[in-house]
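In: What follows is a predicted structure for the sequence shown.
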Amino acid sequence: MRIGGGLIPEGTSRDPVLALANDDGFDERRPTLDRTDLYELLEDQGQTSMCVAYAVHEVAEAIQGMRNPGQRVDLDPVILYEKAKTIDVLPSYGALPPGTRGTTERAGIQAAINLGYLPPCKTLRLPKDVRSFQYALVKHTFVVAGFSVDEMWDDRELDSGFILRGVGTAYRGAHEMFVAGYGPTGFVCGNSYGVDYADRGWLTIPYALWPLVCIGGRAIIPTGAV
């Protein structure tokens, strides 16, 4: 069984929302975008509520890797999670053990900046529509997203590649992943269930399902040179 622990975006957040521009060269007909090569082997969060920390730390390692080519970057998602809990936590829900607390996306990003895992960054909140996420990936590269998960998520086989809420199933909680690209059929997401999950830790969420399961997300935009 794996646990999630993220719920994004927070309705009280003051982060600016992504605004789609029609005159800046973005071509929504672009069929594919693959940035999975920016990321190392995906780690396993285990039976914890650290999904936000794991997603943000993967993005942080990718940014650090771009800043320091050829050098291995190994950041600690547990330290990031503990720091994020001092900023903001979520109430427990049914999928989490008693007393377990997940953290918000905002807290995970701010904690990563405070720890020096991320450089100074600004963030843009992303609506859950397909075009907003495609635009954010093309323009800003680094994207994390929250997803609703169903009442059966902890009974799914890990190799099924899917833990998201299906049509007609009961809401159980939320889970966080990062988004590394898109193809003809859907978005490519990096999960935190280890390399034995799905396609070496990666799964594709179909465009038709995306608005049903995606809660929203954020583009993480370093303000200095990457």
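Out: All right, it came through fine.

In: mind showing which ranges of the protein have poor pLDDT?
Out: 1-15, 17-29, 71-73, 90-101, 150-172, 224-226 (pLDDT under 70).

In: which strand in it runs the most residues?
Out: Secondary structure of the chain per DSSP state E: the longest strand is strand 171-182.

In: Each with direction, which strands does that one pair with?
Out: If you go by DSSP bridges, strand 171-182 pairs up with strand 33-34 (antiparallel), strand 142-150 (antiparallel), strand 186-190 (antiparallel).

In: Go through the ones you listed and name the closest to residue 82.
Out: Of all the strands paired with strand 171-182, strand 142-150 sits nearest to residue 82, with 18.8 Å by Cβ to Cβ. The way it works is simple: take the backbone N, C-alpha and C, and place the C-beta from them, glycine included.

In: Any figure for the gap between the residue lying closest to residue 141 once chain neighbours are set aside and residue 114?
Out: The spatially closest residue to residue 141, leaving aside those adjacent along the chain, is residue 35, at 6.3 Å (Cβ to Cβ, 6 or more residues apart in numbering). From residue 35 across to residue 114, the span is 26 Å (Cβ to Cβ, to the nearest Å).

In: And residue 64, by the same measure?
Out: According to Cβ to Cβ, residue 64 stands 15 Å off from residue 114.

In: Who has more neighbours out of those two?
Out: Taking other Cβ atoms under 10 Å, residue 64 and residue 114 do not tie; residue 64 has more neighbours (19 against 14).

In: what angle do the helix or strand hosting the more buried one and strand 186-190 make?
Out: Assigned by DSSP states H and E, residue 64 belongs to helix 51-67. Going by axes from the mean of the first three to the mean of the last three Cα atoms, to 10 degrees, helix 51-67 is angled at 90 degrees with respect to strand 186-190.

In: where do the helices sit along this protein?
Out: Ranges of helices in the chain, per DSSP state H, are 51-67, 77-85, 105-115, 130-140, 210-213.

In: relative orientation of the first one and helix 105-115 in degrees?
Out: Counting by the same axes, to 10 degrees, helix 51-67 lies at 40 degrees to helix 105-115.

In: Could you verify my assumption that residue 108 touches residue 56?
Out: Yes: applying Cβ atoms under 8 Å as the test, residue 108 and residue 56 come out as touching, 4.2 Å apart.

In: Need the overlap of contacts for those two.
Out: residue 80 (Cβ atoms under 8 Å, 6 or more residues apart in numbering).

In: closest one to residue 188 among the helices of the chain?
Out: Across the helices of the chain, closest to residue 188 is helix 130-140 (Cβ to Cβ), at 9.6 Å.
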